[in-house]
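Provided below for reference: sequence and predicted model.
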Number of protein chains: 2
Amino acid sequence: MNRFIAVDWGTTNRRAFVIEDGRVVATERDDHGAAMVPRNDYPAEVAGIRERLGDLPMLLAGMVGSTIGWREVPYVAAPAGFEEVAAGLDRVDARTAIVPGLSYRDGTRADVMRGEEVQLLGAVAAGSVPADALLAQPGTHCKWARIEGGRIASFTTAMTGELFSLLRAHSILRHQIDRDATPGDAFLAGVAEGARHDLAASLFAIRARAVLGVEQDAASLASGLLIGADVSTRIAAGEAVHILADPALGALYSVAVTALGGTPHLVDSHAAFVAGITRIRELTA
Amino acid sequence: MNRFIAVDWGTTNRRAFVIEDGRVVATERDDHGAAMVPRNDYPAEVAGIRERLGDLPMLLAGMVGSTIGWREVPYVAAPAGFEEVAAGLDRVDARTAIVPGLSYRDGTRADVMRGEEVQLLGAVAAGSVPADALLAQPGTHCKWARIEGGRIASFTTAMTGELFSLLRAHSILRHQIDRDATPGDAFLAGVAEGARHDLAASLFAIRARAVLGVEQDAASLASGLLIGADVSTRIAAGEAVHILADPALGALYSVAVTALGGTPHLVDSHAAFVAGITRIRELTA
């Protein structure tokens, strides 16, 4: 029996899993994200998880290894697969280790991820995604990864979700777009407009139409603009996109991919994380 | 002697001019913008200006005619020149009138302006700009206007400045870009990157480079990205762009226009306003 605790430690949330022979047997989720936990509190946080979930070996992934986390773990340079990630593991003690994030450099292009690599590689390990594929993880910072031979060949982060949040909280559009986007006609009109890549003007036009009394679902339109700009830059005609996301965001990206000539496939992101972290455990136990 | 008071009444600031035979003989500027003045206070505000600058006829332009101003003045539909603007004047009383803004519709495209029309048409009236030209007014909401036969044929607003402000105040890049942009190499690199129209990813790359320890002038880079995306969408190869802006922003747009194959011409925006409002006064006195 191989039993361990895996923690997906994000900026704002944290999810812990007890995994036994590749299957989740217990889980907990709270808001003790890396932004909430002072550096010196990590030993106590980890001890607390062990008290609640069992005195087991632990693998920690995500922002716990960043400058705002427990300790900074050097990025592993992409292209990288499970072997490189496992080799970059930061062993805090004999039973506790932090999974490194990935970096990517290509000329002036630069990118980083922490935690997403477990899901991305795990989606392949779980058999949900072919060994050569384009994967998208929508969110505050949407990750797009090219998988080649089961390894992450390159990736791009688009701060699509963050831009939408900024607009919703602070922009001149804030009162117009303060509701959830839905994947209907307004969203599709936004996707088509977003693919024209004139974001600063397309956003103002939402304001102008309101001032001129034109009825519109501004939130869905704005969401479509941002997601359409993102997706249209990333996919080639007819390309399959494997999407790891919660249902609401997965539905929006899925509709946008279809509208822009791609083929969306929704992937269970929790199952992908579990498969990925289990494989890393196998390689490093 | 034709003497009157012209007020350029913006959202946050207000500038008043005493104009005599087309020349400014006195001026004042304060922060009593439309966002600061309750609707019922406008009569007192206007009386105050007359007390300070003289008991003269007044022409008010800008946000004073908007939903957040004194009273909402219907937009005049572009294409429009001085004649249409003068015909749309809203006479509050025998000696006080508000200049209407312009609207533009073309299919789903929609746009509005309030106050900028005086500068745009005035630049032509002053002889600073030919009767057929592309004009840019950089700012929070950058206006781009096509002038044909001395009239505003169409226009586009890009919320370029607002996006930069949002990023600087609230985004993950806020600590990196909290300084003034300068039109040097970093800005030019941003302009080139911005012309690729992948804003959400290009912005995150600024964050990633910082995380990876790459030295960069992030503020100038981010400014270049946004301005490069704006300018490259708006100009054709070799096109002349007449820029109405303060010196700092004028320099940035000027450098971006040149880098993207256009020819920038800086225009005195205050002289343009005075010429424009004087012409409206002539047509309506």
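Structure received.

what about the closest residue in space to residue A:231 that isn't next to it in sequence, how many neighbours?
Using CB to CB, 6 or more residues apart in numbering or on different chains and skipping the chain neighbours, the partner closest in space to residue A:231 is residue A:256 (4.7 Å). Bear in mind the C-beta positions are built from the backbone N, C-alpha and C, glycine included. Using other CB atoms under 10 Å in any protein chain shown, the number of residues around residue A:256 comes to 32.

how distant is the host helix or strand of residue A:256 from the center of its chain?
In the assignment (DSSP states H and E), residue A:256 maps to helix A:247-259. Counting by CA atoms, centre = their mean, to the nearest Å, helix A:247-259 is centred 15 Å from the centre of its parent chain.

report the angle between the next helix or strand after that helix and helix A:247-259.
Next along the chain after helix A:247-259, taking DSSP H and E as the criterion, comes strand A:263-267. Strand A:263-267 runs at 160 degrees relative to helix A:247-259, counting by axes from the mean of the first three to the mean of the last three CA atoms, to 10 degrees.

buried set for strand A:263-267?
A:264-267 (16 or more other CB atoms under 10 Å in any protein chain shown).

dump these to a markdown table, plus distance to chain B and pLDDT.
Converted to a markdown table, the buried residues of strand A:263-267 look like this (distance: CB to the nearest CB, whole Å; pLDDT from 0 to 100):
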| residue | distance to chain B | pLDDT |
| --- | --- | --- |
| A:264 | 19 | 98 |
| A:265 | 22 | 98 |
| A:266 | 22 | 97 |
| A:267 | 22 | 97 |
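
out of those, who's nearest residue A:113?
Nearest to residue A:113 out of the buried residues of strand A:263-267 is residue A:267 (CB to CB; 16.7 Å).

state the distance from that closest one to residue B:187.
From residue A:267 over to residue B:187 the distance is 40 Å, taken as CB to CB, to the nearest Å.

do residue A:124 as well
41 Å.

so residue A:198 touches residue B:233, yeah?
Yes - Residue A:198 lies in contact with residue B:233 (CB atoms under 8 Å); the separation is 5.0 Å.

now do the shared contacts for the two.
B:158, B:197 (CB atoms under 8 Å, 6 or more residues apart in numbering or on different chains).

which strand or helix spans residue A:24?
Counting by DSSP H and E, residue A:24 is found in strand A:23-30.

how far away is the closest residue in space to residue A:29 that isn't next to it in sequence from chain B?
Once flanking residues are discounted, residue A:29 sits nearest to residue A:15: 4.6 Å by CB to CB, 6+ apart. With the distance defined as CB to the nearest CB, to the nearest Å, residue A:15 ends up 22 Å from chain B.

now the helix or strand hosting residue A:15: how far from the chain's centre is it?
Taking DSSP H and E as the criterion, residue A:15 maps to strand A:14-20. From the chain centre to the centre of strand A:14-20 is a distance of 18 Å (CA atoms, centre = their mean).

and what of stretch A:267-274?
For stretch A:267-274, the distance to the chain centre is 11 Å (CA atoms, centre = their mean).

okay, it in CSV with CA atoms only?
The C-alpha atoms that make up stretch A:267-274 are tabulated as CSV, following Å, rounded to 0.1, in the frame of the first residue of the first chain:
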residue,chain,number,x,y,z
VAL,A,267,-10.7,17.1,-18.9
ASP,A,268,-11.3,16.4,-15.2
SER,A,269,-8.7,18.6,-13.6
HIS,A,270,-8.9,17.0,-10.1
ALA,A,271,-8.3,13.6,-11.6
ALA,A,272,-5.4,15.0,-13.6
PHE,A,273,-3.8,16.5,-10.4
VAL,A,274,-4.2,13.2,-8.6
